Structures are given as structure tokens and as C-alpha cells.
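> Take this sequence and fold it.
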Amino acid sequence: MDFGLSQEQEMIVETVRAFVETEIYPHENEVERSGIVPPELGREIQRKCIDLGFYACNFPEEVGGAGLDHVTLTLVERELGRGSLGLTVFFGRPSGILMACEGEQRERYLLPAVRGDKIDALAITEPDAGSDMRGMKCAARRDGGDFVLNGTKHFISHADVADFVIVFAATGEEETPKGIKKKITAFLVDRGTPGFDILKGYDSVSHRGYHNSTLSFTDCRLPEAQVLGEVHRGFDIANQWLYGTRLTVAATCVGRARRVFEMALPYAAERKQFGRPIGANQGVSFKLADMITEIDAAEWLTLAAAWRLDAGLSADRQIASAKLYASEMLARVTDEAIQIYGGMGLMDDLPLARFWRDARVERIWDGTSEIQRHIISRDLLRPLGA
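So this is what the prediction gives:
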């Protein structure tokens, strides 16, 4: 197996890392303090990303994207993971599910999203339906040639800056081996559509500046032209999209863990207690050894899953393993980094407390650790009939 990066991949990594260090790092403290990304700053980051040629780098070239393969895209996400999510969201990776757009939808949604003219948000989670997507209560009923949408979504990331939202709603029921399950359909809903309101979400300890919103639909009428993909087939395209986002979470966790480690290592070598560097003590040096071993392991799991996608191989279990291990690894690494710094690690003068808080949500969104373990265990046991 060749673990080396191509010359082009090395250049991409260096370019994105330099972008994060020069365009993201300087604004992080203010975003953390205020919890707000000024609109003009978001637009500036977006414009610079477009000028750099990296906007919508997760999309194929035929629609205007950079056409990166999965391994290279994963390397980009790893580097973006070093920066504040509230700021790097403007680097612009629209929802891959927009590739399901057809006909006029391509001109109204797909191509503007790829160009950066419009920003999308994805709406799946509900107050009573998180991991259980088929249990959602937000529903759309047919009324002539239209659908009428009613219900609530919450924890919807960056909907506050979105021009349109991809909403998943129940549109019927079907009998399955596990009982009656809801049929799901995806809809494209523009900001300002009558009956659709974007409300302030919850204040979170994680990723300040990266806001969540609550979406309310009250007799929101949508023509059938707003259906994304096929009616009743939204569950299939959602699952296809979620595997990609889980790989992104794994990659960003690796990037953030490396940034944390790069703070802890020199500190352990320079900080002195009892007349010698604290890193000379096994209580600290062994922590560093465990941290780098876990970071490297998480990175190889993540890149191996991306490689399988590029090779056209099944990667569901491998992506679940990468997301599970990388997100839990980040929690351990940030915690140990704070332990190495001692009380100073919890002070606002350093970003470690932010990394520690940000790490907590990674084990929850885009599929909890428990959901990842379910995917992995079912992949192992199903061939054996269990």
C-alpha cells in the first residue's frame, strides 16, 4: 500500500492549511467571545475561497466543482478541522445531496450553490426524531398538485445564513420486516416561502459562531417541482449523503486533534517543574505517546475509508469506524492536553478549553457513537445470520 501523497495533494494540503492559519485563526477569539460571525467577514472568507478555486471542492467538475477524489477531499476537511467551524463553514462545501437536482432545479439550486451564489442547509433532525429518522413527525400531504408541509425541525446547522433548506418529511407509510415505517421525501424550500419560518435555535457550548436554528412549517405549500429526487425515496438519498458527512466529521476531528497536540508537545518540552521539563516525567511523556498514537490511528482509519470510496468498494463500516474512533479520540486528546497544561489549560487565554468543548458534539451529530457501533456490529453479524 502506498501511504504517500501525490505532489498535487501535498500542494492542496499546504494551500488549505495556509488559508486556515491566515484567514481563520486571526478571527477565532472574537467569534468565541461574541458567538457571532459578522456577515461581511463570512462573505470575505467565501470570496477568498472562491478566488482560490476551492469553493464547492466536494462537487464534480461538470457542475463547476473542483472534482476532488475522496482521499483529497478528506485531506482538505482535515485541514479545515484545525479552524473554528463558525468560520470554516464559509469555505463552502454545499450538501452533496444536491447532485440529485434535476431539470430546472439545477439552475435554481445546484449551480448557484456550487458558485457560492446561494447557501443551503439540511433539515432532518426533530425534537422527537434524531437517530430515528423514520420516526419523524414533520409531514407533507398531497393537496392536488402540491404538497402541504407541517412540522418542526431543530438543531439545523447554519440555517440562519441559508438561502434555501433541504427538508426531509414523512409522506406516507410502508410495511417493513420491523413493522410500519414512514416513507420519507426530500423537499427544496426557499427562505421566505409562506408558512416557513427560521427561528433562533439553542445556545450551545460547542462551536460558538456556528449556529443552529429551529425551523417551523405551518401549511407550507410546495409544488411537486420542489421534490428533490423521487417521492418516498428521501431516506435512500439521505443515507447516501450521511456517509460522506461522517467521513468529514472524522477528518475534522483528526485535524483539530493535531492542532491540540502541536500545542501540548512544545509546552511539555519547555515547561519546567522541579528543575526539569515536565515532558521528562513519564506521567506526561506517556500521555504524549498515547495522544500521537491515537491521532495517527484515527487518521489512517479515515484515509483508508476514503480510499475505499475512491476504489469503488463498500465503505459503510469503515466510515462508521472512522467517525466513531476519531470523534472519541478527539475527546481524549483534548482532555489530556488540558491535563498537561494544568489550570492554565482551562483559561480563556488559550484555545484549549474551546477545543475541549467543541469536541463533545462530535460524538453526537451526524450519527451518535451508538449509531456507529450499530452500523459496525450489523455489518459484522449479518453475514453470519445473526
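> Surely residue 165 touches residue 189?
Yes: counting by Cβ atoms under 8 Å, residue 189 is a contact partner of residue 165 at 5.1 Å. Heads up, the C-betas are built off the backbone N, CA and C, glycines and all.
> Mutual contacts of the two, please.
residue 196 (Cβ atoms under 8 Å, 6 or more residues apart in numbering).
> what's the neighbour count on residue 111?
Neighbour count for residue 111, taken as other Cβ atoms under 10 Å: 18.
> and it, which of the three is it?
The assignment at residue 111 comes out as helix when based on DSSP: H, G, I helix; E, B strand; the rest coil.
> next one: residue 46
What three-state DSSP gives for residue 46 is helix.
> so how far is residue 305 from the residue nearest to it when sequence neighbours are not counted?
Distances taken as Cβ to Cβ, 6 or more residues apart in numbering place residue 90 nearest to residue 46, at 4.6 Å, with adjacent residues excluded. Residue 90 sits 26 Å away from residue 305, going by Cβ to Cβ, to the nearest Å.
> likewise residue 231?
Applying Cβ to Cβ, the value for residue 231 to residue 305 is 32 Å.
> Comparing those two, which shows the higher neighbour count?
Higher neighbour count among residue 231 and residue 305: residue 305, with 27 against 17, using other Cβ under 10 Å.
> pretty sure the more buried one contacts residue 319?
Yes: assessed by Cβ under 8 Å, residue 305 is found in contact with residue 319 at 4.7 Å.
> Mind listing the shared neighbours of those two?
247, 250.
> how many other residues sit next to the residue nearest to residue 46?
When neighbours are counted by other Cβ under 10 Å, residue 90 registers 23.
> quick one: it and residue 48 touch, right?
No: applying Cβ under 8 Å, one finds residue 90 not in contact with residue 48, separated by 9.1 Å.
> quick one: secondary structure of residue 216?
Per three-state DSSP, the local secondary structure of residue 216 is strand.
> Please, which helix or strand holds the nearest residue to it once chain neighbours are set aside?
The shortest distance from residue 216 to any non-neighbouring residue, by Cβ to Cβ, 6+ apart, is to residue 197 (4.5 Å). Using DSSP states H and E, residue 197 falls within strand 196-200.
> Just the CA atoms of that strand, as PDB, please.
Extracted in PDB, the C-alpha atoms of strand 196-200 (Å, rounded to 0.1, in the frame of the first residue of the first chain):
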ATOM      1  CA  PHE A 196     -41.800  28.600   6.600                       C
ATOM      2  CA  ASP A 197     -40.100  30.400   9.500                       C
ATOM      3  CA  ILE A 198     -36.400  30.200  10.600                       C
ATOM      4  CA  LEU A 199     -36.200  30.700  14.300                       C
ATOM      5  CA  LYS A 200     -33.300  31.100  16.700                       C
END
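> Strand partners (parallel or antiparallel) of that strand?
strand 212-223 (antiparallel) (DSSP bridges).
> which other helices and strands contact the longest helix anywhere in the chain?
Using DSSP state H, we find that the single longest helix of the chain is helix 234-270. Counting by 3 or more Cβ pairs under 8 Å, 6 or more residues apart in numbering; DSSP states H and E, the packing neighbours recorded for helix 234-270 are helix 70-80, strand 164-176, strand 179-190, strand 276-277, helix 282-310, helix 316-341, helix 352-361.
> which one of those lies closest to residue 209?
helix 352-361 (10.5 Å; Cβ to Cβ).
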